[in-house]
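Engineer: let's see this in three dimensions:
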Amino acid sequence: MPDFGNIIDRVFSDQDIMPADVPQLDLYMDQVLSLFDQHLSADKRNPSDKLLTKTMVNNYVKEGLMTPVRGKKYTRQQIMQLLCVYHLKQNLRLSDVKALTGRDDVDFGACYAHLLEDKKKIRESVPAMLDAFLPYDSEDPNGRLMLCLALSEIASYLRRLCEGVVDAIDEQTGGKE
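Structural biologist: Have a look, this model is predicted:
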């Protein structure tokens with residue numbers, strides 16, 4: 001089993017779809033799926049995993065997480081919206097994602113570009129923090145369990161912070177969004 005430092009290095013060296021990678025032209029569904037698979041395949045836990053499928057995208061539209069497609073092509077704004085959905089759905093319920101992305105008053109391109117800037121800062125600071133605060137022996141069964149328990153709690157705190165932000169939307173609008 002690789003040590004925790006190697007796992008941290010692998011996880012925090014993930015790839016992103018850069019805004020320049022998203023064409024200015026509208027894309028068909030297959031082109032959108034290809035864009036995600038081409039740039040984000042390192043996010044897969046197993047090579048056979050699917051990051052995004054036609055059914056997933058159609059469900060996102062149907063559930064109001066993103067704006068409906070006109071014709072058969074997705075605009076650059078919709079692709080940026082889909083990128084935001086992709087990142088949020090990793091940790092939040094779809095209803096929470098909808099509260100954040102199922103809107104027409106958000107500049108998804110700007111938000112996604114800001115996410116990439118934040119990820120750069122996260123990649124620079126979080127691995128050292130994890131290594132310093134979670135000094136468990138990942139070779140030892142007890143150490144692995146303690147490490148995963150601590151990481152799970154960190155993820156839980158962060159998810160709950162996101163949920164608090166989403167809940168504040170309802171409080172500000174009286175639930176009318």
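Engineer: so where is the protein shaky, pLDDT-wise?
Structural biologist: Low-confidence segments of the chain (pLDDT under 70): 1-2, 172-177.
Engineer: hey, where'd the helices end up in it?
Structural biologist: 4-11, 29-40, 54-62, 76-88, 94-101, 108-133, 141-173 (DSSP state H).
Engineer: contacts only, for the residue nearest to residue 146 when sequence neighbours are not counted.
Structural biologist: In this structure, residue 146 finds its nearest non-sequential neighbour in residue 136, 4.9 Å apart by C-beta to C-beta, 6 or more residues apart in numbering. From N, CA and C alone the C-beta is placed, and that goes for glycine too. Neighbour list for residue 136: 4, 143-144, 146-147, 150 [criterion: C-beta atoms under 8 Å, 6 or more residues apart in numbering].
Engineer: so how far is residue 73 from residue 136?
Structural biologist: For residue 136, the distance to residue 73 (C-beta to C-beta, to the nearest Å) stands at 49 Å.
Engineer: one more: residue 79?
Structural biologist: 10 Å.
Engineer: which of these two has more neighbours?
Structural biologist: In terms of neighbours (other C-beta atoms under 10 Å), residue 79 is the more surrounded of residue 79 and residue 73; the figures are 25 against 14.
Engineer: tell me which residue is most central in this protein.
Structural biologist: Nearest to the mean C-alpha position of the chain, counting by C-alpha atoms, centre = their mean, stands residue 87 at 1.4 Å.
Engineer: skipping adjacent residues, who's closest to residue 88 in space?
Structural biologist: Leaving aside its sequence neighbours, residue 88 sits nearest to residue 97 (C-beta to C-beta, 6+ apart; 4.5 Å).
Engineer: repeat for residue 72
Structural biologist: Closest to residue 72 by C-beta to C-beta, 6+ apart is residue 28, at 5.9 Å.
Engineer: contacting residues for that neighbour?
Structural biologist: Contact analysis of residue 28 by C-beta under 8 Å, 6+ apart lists 72-74.
Engineer: give me the beta-bridge partners of it?
Structural biologist: residue 73 (DSSP bridges).
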